[in-house]
Every structure is written in C-alpha cells, then in structure tokens.
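> A predicted structure for the sequence below; I have some questions about it.
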Amino acid sequence: MHDFPDAKGVVTYRKSGVGVRKMAYSPLVIGLFFLFLSIGGIYRYMGSNQAIASLGLTVMVIVSVKIFHWAEGMGDKAKMCTDRAIAWKQEAVSEESVGDLLESLPNNYSVINDFVTKKGTIDYIVVGPKGILTIETKNHQGVVTNHGEMLLQDGHPFEKDFIKQAWALSYSVRDLLADKEVGTLRPHPVIVFTDADVQVKERVRGVQIIGVKDIHAYLEGLPVWMSERLSKGIIDCLS
C-alpha cells in the first residue's frame, strides 16, 4: 500500500472581542445621542431648567437604564454569533483536512462524503481492499481519553454518546447493503478528532478513536480482505 501524503492547513482568526466591543459601543453612542436630544426637546418645550430637573431627570434615568441593557444585549448577541461563526469555520476546515487525506488514497479506494441515512449523516464512507469504514469527524479540543467504555474530554464525559452514534450510523450502512442483497457486511466505525490530543490506546466499545495525524497509520495497519468485485458492488449500491 502506498504512503499517504501529509495534509497541512493553517487558519488565522481575528480576536472576536474587538469586533464585539465595537458593535456594543455603536448602539450605546446612538442611544446617548437620542437621550441628549430628548433632554433638549424637553427644555425647549417646557422652557425652564426646573422642568428638566423634575421631569427630565426621571426620563433620563429610565432611558439610560434601557440604553445600557440594550447595548449589553446587543454585545452578547454579537459575541454569540461570532463564536458560532468561528466554530462552524473550524469544523469546516477540520473536515476538509480529513477529506483531503482520504481523497489521496490509492485508486482502489472509494470515498463517499456526507452520506445521508435514517440515523443521520455520515461524514465519510471509505470502501476498499481493507473493508468498509464509516468515519465521523469531531472538532473538539483538549485531551481525549477513555475510562473503560466511556469516552472523556479532559477527564469529563462528552455531551453526547459519540460511540452509540457511530454504531448507529454504521448499522444503517450494514442494513442498507443487506436490503440491496449485496451481502452481510459490518462496516467499521471510526471517530477522528481533528483538533484534540487523542490518548485512547484501544477501541472503545468496538469503535476506533484516533486523531487526524493517526489516519495514515491506522489505514496502513488494517488487513486486506475485500475483493475488487465486492468493493465495486458496495460502491454501486451506496452511490
């Protein structure tokens, strides 16, 4: 089997706090402008400083509080949108790097991405001489380990059971191939963490857990067993 080339990618993100503060300051300045404009209108209409002292001060306090909460809310919403945009961008870049590695496989391998099933969307299905792999990519950071059959991030359980999800997606492909009478085949589920330090030394509940840098070694270590004819039949079914 040929060696797999390395895939490198560098993405630079601007610090989100600067943009957020600017967005928060803008409505605050606008609000203050209208506040002073309102005070001027009260003075011109009432014609006395005493009117501003009695009525305008009350209005000013109320409006100031409203402006503060409005500006603060705008800042929180802006920060939330910025964080989500960065997360989506990081996930897209991570999946692209895994896709580049898989697309560089020899010609006797086929790669299907974003395969939709009843259980969800499989990021990648790899079919070749070494069998069928269903690959899920995760862009979580930190240190990934396991405690028995539980997958951990920095010593704490993940928010979802990724192992259960990986098996469900794998079984959906198995059932599809069986329905199409291709054969009784069990794809191997794989979870690839693109931005984490993966320190899992064994399969967790039968699922292979690796980092993106370990894709080459994992694929090279698998035994060759699938014929070209069977591989083509599987691809035709899935396509």
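Now that the structure is in, tell me what you want to look at. Keep in mind that this is a model prediction, so the values were computed, not measured.
> Tell me how many other residues surround Glu159.
Using other CB atoms under 10 Å, the number of residues around Glu159 comes to 8. C-betas here are computed from N, CA, C, even on glycine.
> His140 versus that one, what's the distance?
Separation of Glu159 from His140 (CB to CB, to the nearest Å) stands at 9 Å.
> quick one: low-confidence ranges for the protein?
Counting by pLDDT under 70, the chain has low-confidence residues at 1-96.
> can you map out the strands along it?
110-117, 120-128, 131-138, 143-147, 150-153, 156-157, 188-193, 197-198, 208-211 (DSSP state E).
> Name the nearest residue to Thr121, sequence neighbours excluded.
Spatial nearest neighbour of Thr121, excluding adjacent residues (CB to CB, 6 or more residues apart in numbering): Asp114 at 5.7 Å.
> can you pull the contacts of the one you found?
Shown in contact with Asp114 (CB atoms under 8 Å, 6 or more residues apart in numbering): 121-123.
> Could you say which of those residues is surrounded by the most neighbours?
Ile122 (24 neighbours).
> hang on, isn't that residue packed against Leu169?
Yes. At 4.9 Å, Ile122 counts as touching Leu169 under the criterion of CB atoms under 8 Å.
> residues shared between the contacts of these two?
Counting by CB under 8 Å, 6+ apart, the residues touching both Ile122 and Leu169 are 134, 136.
> How about Gly120, nearest residue that isn't a chain neighbour?
Here the residue nearest Gly120, using CB to CB, 6+ apart, is Leu169, at 6.0 Å.
> hang on, the earlier thing: dump the strands of the chain to JSON lines, plus distance to Asp175.
Putting the strands of the chain into JSON lines (distance: least, CB to CB, whole Å) gives the following:
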{"stretch": "strand 110-117", "distance to Asp175": "9"}
{"stretch": "strand 120-128", "distance to Asp175": "13"}
{"stretch": "strand 131-138", "distance to Asp175": "12"}
{"stretch": "strand 143-147", "distance to Asp175": "27"}
{"stretch": "strand 150-153", "distance to Asp175": "25"}
{"stretch": "strand 156-157", "distance to Asp175": "29"}
{"stretch": "strand 188-193", "distance to Asp175": "14"}
{"stretch": "strand 197-198", "distance to Asp175": "29"}
{"stretch": "strand 208-211", "distance to Asp175": "21"}
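> just those strands: most buried one?
When you average the neighbours per residue for each of the strands of the chain (mean count of other CB atoms under 10 Å), strand 188-193 leads with a mean of 24.
> Now that strand - C-alpha only, CSV.
In CSV, the C-alpha atoms belonging to strand 188-193 read as follows (Å, rounded to 0.1, in the frame of the first residue of the first chain):
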residue,chain,number,x,y,z
HIS,A,188,-16.0,-0.5,11.0
PRO,A,189,-17.0,2.8,12.7
VAL,A,190,-14.1,5.3,13.2
ILE,A,191,-14.2,8.6,15.1
VAL,A,192,-11.5,11.1,14.1
PHE,A,193,-10.8,14.1,16.4
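> which strands and helices sit next to it?
Secondary-structure packing of strand 188-193 (3 or more CB pairs under 8 Å, 6 or more residues apart in numbering; DSSP states H and E): strand 131-138, helix 162-179, strand 208-211.
> Reformat those as a markdown table; add distance to Met150.
Listed next are these as a markdown table, based on distance: least, CB to CB, whole Å:
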| stretch | distance to Met150 |
| --- | --- |
| strand 131-138 | 16 |
| helix 162-179 | 9 |
| strand 208-211 | 12 |
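> Ok, which of the ones you listed comes nearest Tyr218?
Ranking those by proximity to Tyr218 (CB to CB) places strand 208-211 first, at 5.4 Å.
> packing partners for that closest one?
If you count contacts as 3+ CB pairs under 8 Å, 6+ apart, strand 208-211 packs onto strand 143-147, strand 188-193, strand 197-198.
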